[in-house]
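Colleague: got a structure for you, letters missing:
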């Protein structure tokens, strides 16, 4: 009987140094990978503990080859009180050494200049620790939950 290859264990904890935003300020911006159907694409996202949902600009959906449908339309409130329409789709991502399936809202009206990584799909799988003094975000995996 053939032996199965041993997979390396997923890292339990990953540190992400803050990156500079468009204004030159350090912020909890991370790289994650999204599945396009035939390859992984790197994206940056601002980790926002105050955001319930991950929201990417609609251009990202086009890069991923997604067919967004109005039947998946929801309206989400931003921190400034504005309400924007988003088309929700579940996508595959790689973050902090783990491959996940997460809900993402895509919107043409997202005008913050960056993608937002919100709580749904991420904060229930990782403890996120923001250290603004050291300019480091630490993502610690919670258990071994399947995706």
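Modeller: Okay, I see it. Just so you know, these numbers come straight off a predicted model, no measurement behind them.
Colleague: roughly how far apart are residue 34 and residue 77?
Modeller: From residue 34 over to residue 77 the distance is 24 Å, taken as CB to CB, to the nearest Å. Glycine gets a C-beta too; all of them are placed from N, C-alpha and C.
Colleague: where does this protein dip in pLDDT?
Modeller: The model of the chain has pLDDT under 70 over residues 1-11, 69-70, 110-112, 144-147.
Colleague: just checking, what's the longest strand in it?
Modeller: Assignment by DSSP state E gives strand 83-95 as the longest strand of the chain.
Colleague: For that strand, list every residue counted as buried.
Modeller: Across strand 83-95, burial judged by 16 or more other CB atoms under 10 Å covers 84, 86, 87, 88, 89, 91, 92, 93, 95.
Colleague: re the thing from before, between residue 34 and residue 77, which is the more surrounded one?
Modeller: Counted by other CB atoms under 10 Å, residue 34 and residue 77 do not tie: residue 34 has more neighbours, with 22 against 10.
Colleague: wait, what's in contact with the more buried one?
Modeller: Neighbour list for residue 34: 40, 41, 43, 60, 64, 91, 92, 93 [criterion: CB atoms under 8 Å, 6 or more residues apart in numbering].
Colleague: Which one of those residues is nearest to residue 99?
Modeller: Residue 99 lies nearest to residue 92 out of the contacts of residue 34, by CB to CB, at 6.6 Å.
Colleague: Give the phi and psi angles for the residue most central in space within the chain, as a check.
Modeller: In the chain, the centroid-proximal residue (CA atoms, centre = their mean) is residue 117; its distance is 4.2 Å. With angles defined as degrees, to the nearest 10, residue 117 sits at phi -100, psi 110.
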